[in-house]
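Enquirer: What follows is a predicted protein model with its sequence.
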Amino acid sequence: MDAKQTHKAHRVRKAGASAKKKPQNRKNAEKNNPKAFTMQSAQKAERMARRKAELDEKKYHVPMADRTPTTPPPLVVAVVGPPKCGKTTIIKSLVRRYTKHTISDIRGPVTVVSGKHQRLTLMECANDINAMADMAKVADIVILAIDASFGFEMETFEFLNLLQTHGMPKVMGVLTHLDKFKDNKRLKMVKNNFKHRFWTEVYDGAKLFYLSGVENGRYLDREILNLSRFISVMKIRPLAWRSAHPYMLADRVQDLTDPEVLEGNPKANRTVALYGYLRGTHIKGRDLVHIPGAGDYRLSTTEQLADPCPIPDKERKRLDERHKLIYAPMSEVNGVMYDKDAVYIEVKKSKHEERAEDGEGERMLSELQKVHTVTERLASQQFSLFSGTAPVTADSVRRPAVFDGSGSEREDGSEDSVLDSDSNGSGSGSGGAGSADDSEESNDSEESDSSDSDDDIIRRVDASDDDVGDSGAEESDDTLRIAPIHGFSKRVNLMDLVYGSAASEGKPDVAKDGDDNAKSFGRIDDLDLGMLRKLFITSTGDSDEDEDEDEDSADDEDASANEEDATGDFEDLEAGSGTESGSDGEKPDAENMGDTASSEGNGGSSNDAANEFGLPTARVKKLKKKFDRLYDSDADAEEKKDFYQQQKEELQRYVDSTREEMEELADIDYRWAGEYVKVVLDDMPCEFLEGFDPALPVVVGGIANEEGLSLLSIRIKRHRWYPKILKTGDPIVISVGWRRFQTIPTYFMNDRIKNRMLKYTPEHMHCGAAVYGPFVPPGTGFCAYYLRKKHSFGIAATGTVLENSQAIEVVKKLKLTGYPEKIHKNTAYIKKMFNSPLEVARFEGAAIKTVSGIRGQVKKAAGGTGMFRATFEDKIKLSDIVFLRAFHAVPIKKFYNPVTSLLAVTHMRTLAEIRREKSLPVPNKKDSHYKPVVRVAKRFNPLMVPKSVSSELPFKSRPKVIQTTTTKRAVVLDRKERQTAGLMEQISLLHREGKRKQQEKARRQKAEYEKKRQLENDEADARRKRRRKSFFRREGQNQKT
């Protein structure tokens, strides 16, 4: 064993369970020991630091004030796509995922609760350019449905261009019909191609979901779950236009017109109520609003309603809360559907319920359907004289006699039969339990099971009271009897009665009214509040704490004055000594002295003026808080924050201060963002309701300062996918702000001096345009399209509003021609340029020019036919043509036609459309024809040199006359010469023939070569075109970002 023991080297596992466990053991090694993982290279450290700084810099964006209300409205989720791409199925699947409801027919907006603090309003966008434009203005999240089996369609790209114009929300894509691909390799390739094409249009990294199949009319639950999770975590960046304007997406429309008016005139204007969540900023009554597709209207009334789909911020306590997870008035949810003038309720019964007794709702419907006489209808009516009392019917006017168990008649001793019968019906008139009739008790218990079973009202029966019925039972004053009062509809909370409530302190008048009613009917007044407090309040400390909490919860100066009435005076039975809430705010207990002195409002009104300013304590607290917010700042904390954080906090402080100021204006008739409101509009055209389609969005947008009309100077560019250039004078629809209107543009190009009119828009450049329309804030984006879709791509142009102006000067070139009549040295009389001396006077001093380039100036009129005198810098000839270049002002056509797509659509047509519809020929103007230009060669006279001059010229410059003989002499050949000439002719013939063949061969070769070169040039042109398109596409994406 002398040999040294050898050990086998350790082999690290590269596969299997052991290899998988190794990374788990070293999961946080770098975090636990950072020094062991530091970089050894300074260059690498610098690169990593630079990269980290660049990533941090990319996260920065322009800080915007977050004006989201405390209770935000539901996010508008627009599902957009071409027909038959699965939009409705996506909404049904999402509704099923969020609410467990199945909607058979999607009509209009569907609001669902998607989380603890989030709601969504799902709406399918119709395949109409007007509906897409309206939906792009209000959508917070856009789901683009794409049919993978067909490919991208133009509707998708049109909607993306509308989003880029009106404000880009969050966009995600959904690929449908993937189950038609059976080959996995082809499916993977299709997904990759769609993803990169989608990134090109939206942005790199845009989310694209894949829905592989349909089961039971819905997409797979796992895929819809992933989609819903991504929607719930999506961060919405506020858009400037929407944050500054109030708007509402109507989810319910109701006709409030008087039926008598419609009976006399069915086409009369209607009074319409629109319901929906208010978004953006606040709105108030009598504000001016615009409904895209209907026009401008002034609000008649604005009313806040209870939220039909509230956020579940607390634990649900009732079964009927499950119905509030979804709100879709236009769709059929739980058998109830709202229409513009009616409510439809569908009652469905299962087989085992067909023989069961009808419920209360079904009985009400059956009673409504029956036809009754006036007497029967009056007999079935009921009403309440006071709040908190049982309803009075025709049968309860005379009270029937009620007998107890011994058979003797029981009377209340009251002469008011109506009130006594009411007391008997509710069980409060008898002195003891069991004295009422069994049938009445059973009826009362059945009615109270659904309403007051949780909070039965506690009442005290006093044996010494003479008004109580004779029950034969004697009870002491301290004895309490608990009995439910089922007929009483108002609930009383025991905690509020014993300890008091901040809500009850703020409404003393309501409590007083309730006490009066209770004293009349023996309802609430039977409860001795002081006795109840004696039993539950044990010490003065509890009293003080309760009063302190109540006072801290008060927000205004009136709370301290009302606290004494709400709290009351009571005596502590356990302490054995009276403890009174004195008016001076002092307590006998020394331990509570400091707390009492610091608390506000323990006593009466004397404590409100206890401070040195003589103001209420609540007011002083609010002023001190405002002072601290304005002037208190931590200098060290500010130095630690960078510029970006300081700007964000500054904006947030501004928003918070504005919100606090607005809270003080709560009594003003404002409706705030996040509320569910009802707006009433008068004088709405009847076509709005007659042609109402729930699939089309009804948007109510506020236009407080945008009601006037003026000339708009805009910058416009023809869309690169639109095949035709735009022509001046053709009516076009512009969608800007909330409005969509038709106008006649005048295109121009600015050369820094004047605006020169263009007959057509440039092909790849921006140009200016002057249109007539409403006031629009400068910098607002717009898109232009034609009402009648002429080509496959609908968006004709996009641009930006530059300014609002009352006058925009656009000029076009004017070229006048004239001819010389008389010429005298440098002065000439020009004719046929003007028609009257008035026109000449308008152009006095204008610059003119001849074809030969001689410049001149208009002087004075020289006759009544438009002839004028002009001077030139040189003498002109009678054959010259004189030009005058001027600019003529073009009038801007003031045409404004709102697109009433929700009403009867009336629009202006172009001349070409009118000619095509009426088969009219194009007018033939001779002056508009292009004529061939015939230029006659000018013949100049020969140069004549005098003999005296030519004699002195050198010989080579003198004109010479050379005489030649033009006749030829005949040549006669002999035999040998003829043979030689014939041989030469044959040789030349062979040479010419060979040369001809060579030229023919060369031509064929050249043709083949040219053909080959043409193919190469075509390929090169295609490559250059692809490179050019990719370059301009990248440039366009860079300009967007």
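Expert: Yes, it's here.
Enquirer: Quick check: closest non-adjacent residue to residue 239.
Expert: Distances taken as CB to CB, 6 or more residues apart in numbering place residue 167 nearest to residue 239, at 4.1 Å, with adjacent residues excluded. C-beta: built from backbone N, CA, C; applies to glycine.
Enquirer: So, low pLDDT: which residues of the stretch 201-350 of the chain?
Expert: Along the stretch 201-350 of the chain, segments meeting pLDDT under 70 span 313-324, 334-350.
Enquirer: just to revisit the earlier point, tell me who's in contact with the residue nearest to residue 239.
Expert: By CB atoms under 8 Å, 6 or more residues apart in numbering, residue 167 lies in contact with 136, 137, 239, 240, 241, 242, 781.
Enquirer: since we're on the closest residue to residue 850 other than its chain neighbours, how many residues are nearby?
Expert: Counting by CB to CB, 6+ apart, residue 850 lies nearest to residue 880, which is 4.4 Å off, once chain neighbours are set aside. If you count neighbours by other CB atoms under 10 Å, residue 880 ends up with 18.
Enquirer: got the contact list for residue 880?
Expert: By CB under 8 Å, 6+ apart, the neighbours of residue 880 are 820, 850, 851, 852, 854.
Enquirer: hmm, 7 Å instead?
Expert: 820, 850, 851, 852 (CB atoms under 7 Å, 6 or more residues apart in numbering).
Enquirer: Buried among the contacts of residue 167? Make that a PyMOL selection.
Expert: Only the buried entries of those go into this PyMOL selection, using 16 or more other CB atoms under 10 Å:
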select buried, resi 136+137+239+241+242+781
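Enquirer: Counting only strands, which of the contacts of residue 167 make the cut?
Expert: Among those, the ones falling in strands (DSSP state E) are residue 781.
Enquirer: Most widely separated two among the contacts of residue 167?
Expert: 136 and 240 (15.4 Å; CB to CB).
Enquirer: Buried residues, the particular helix or strand that has residue 196 in it. List them.
Expert: Using DSSP states H and E, residue 196 sits within helix 184-201. Residues 187, 190, 191, 194, 195, 198, 201 are the ones in helix 184-201 that count as buried (16+ other CB under 10 Å).
Enquirer: what are the phi and psi angles of the residue nearest to residue 850?
Expert: phi -70, psi 150 (degrees, to the nearest 10).
Enquirer: Likewise for residue 803?
Expert: The phi/psi pair for residue 803 (degrees, to the nearest 10) is phi -160, psi 160.
Enquirer: can you start the count at 55 instead of 1 from here on
Expert: Fine by me, first position is 55 from now on; the one you just mentioned is residue 857.
Enquirer: And the contacts of stretch 782-796?
Expert: Contacts for stretch 782-796 (CB under 7 Å, 6+ apart): 184, 187, 191, 344, 346, 753, 755, 757, 760, 797-801, 811-813, 825, 827-828, 830, 834, 836-841, 850, 855, 950-953, 961-962, 964.
Enquirer: Sitting in strands, which of those do you find?
Expert: Using DSSP E, these in strands are 344, 753, 755, 797, 800-801, 811, 825, 827-828, 836-839, 850, 855, 950-952.
Enquirer: Using neighbour counts, give me the buried entries of those residues.
Expert: Buried among the ones in strands among the contacts of stretch 782-796 (16+ other CB under 10 Å): 344, 753, 755, 797, 800-801, 811, 825, 827-828, 836-839, 850, 855, 952.
Enquirer: Contacts for the lengthiest strand in the chain next, please.
Expert: Scanning the chain for the strand with the most residues, using DSSP E, yields strand 864-878. With contacts defined as CB under 7 Å, 6+ apart, strand 864-878 is touched by 800, 802, 808-811, 824, 882-887, 921, 929-930, 932, 934-944, 946.
Enquirer: Now which of those residues would you call buried?
Expert: Buried among the contacts of strand 864-878 by 16+ other CB under 10 Å: 800, 802, 809-811, 824, 882-885, 887, 921, 930, 934, 936, 938, 941, 944, 946.
Enquirer: Compute the inter-axis angle for the strand or helix carrying residue 1048 and helix 238-255.
Expert: Assigned by DSSP H and E, residue 1048 belongs to helix 1029-1094. Calculated by axes from the mean of the first three to the mean of the last three CA atoms, to 10 degrees, helix 1029-1094 forms an angle of 80 degrees with helix 238-255.
Enquirer: For residue 199, see how far away residue 730 is.
Expert: 29 Å (CB to CB, to the nearest Å).
Enquirer: nearest to residue 320, of the buried residues of helix 238-255?
Expert: Among the buried residues of helix 238-255, and counting by CB to CB, the member closest to residue 320 is residue 255, at 48.1 Å.
Enquirer: ok, that closest one - contacts?
Expert: 211, 214.
Enquirer: same thing but 6 Å
Expert: With contact set as CB atoms under 6 Å, 6 or more residues apart in numbering, residue 255 has these partners: residue 214.
Enquirer: Also the one 5 residues further on?
Expert: Residues touching residue 260, when contacts are defined by CB under 6 Å, 6+ apart, comprise 252, 253.
Enquirer: again, 10 Å this time
Expert: 198, 224, 225, 226, 227, 249, 252, 253, 254 (CB atoms under 10 Å, 6 or more residues apart in numbering).
Enquirer: With pLDDT added, can I get these in CSV?
Expert: Below are the contacts of residue 260 laid out as CSV (pLDDT from 0 to 100):
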residue, pLDDT
198, 95
224, 93
225, 94
226, 94
227, 95
249, 93
252, 94
253, 93
254, 91
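Enquirer: need those residues in a markdown table with distance to residue 987, can you?
Expert: Below are the contacts of residue 260 laid out as a markdown table (distance: CB to CB, whole Å):
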| residue | distance to residue 987 |
| --- | --- |
| 198 | 56 |
| 224 | 61 |
| 225 | 57 |
| 226 | 62 |
| 227 | 58 |
| 249 | 58 |
| 252 | 55 |
| 253 | 55 |
| 254 | 49 |
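Enquirer: one step back: just put the contacts of residue 221 in TSV and tack on distance to residue 147.
Expert: TSV is the format used below for those (distance: CB to CB, whole Å):
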residue	distance to residue 147
190	23
191	26
293	28
294	34
295	32
296	28
835	34
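Enquirer: What is the burial count for residue 224?
Expert: Other residues close to residue 224 by other CB under 10 Å number 19.
Enquirer: Find the nearest non-adjacent residue to it, please.
Expert: Nearest non-adjacent residue to residue 224, counting by CB to CB, 6+ apart: residue 195, 5.0 Å away.
Enquirer: Hmm, residue 288 and that neighbour touching each other?
Expert: Yes - Residue 195 lies in contact with residue 288 (CB atoms under 10 Å); the separation is 6.4 Å.
Enquirer: Of these two, which one has the most company?
Expert: Legend: neighbour count by other CB under 10 Å for residue 195 and residue 288, higher for residue 195 (20 against 16).
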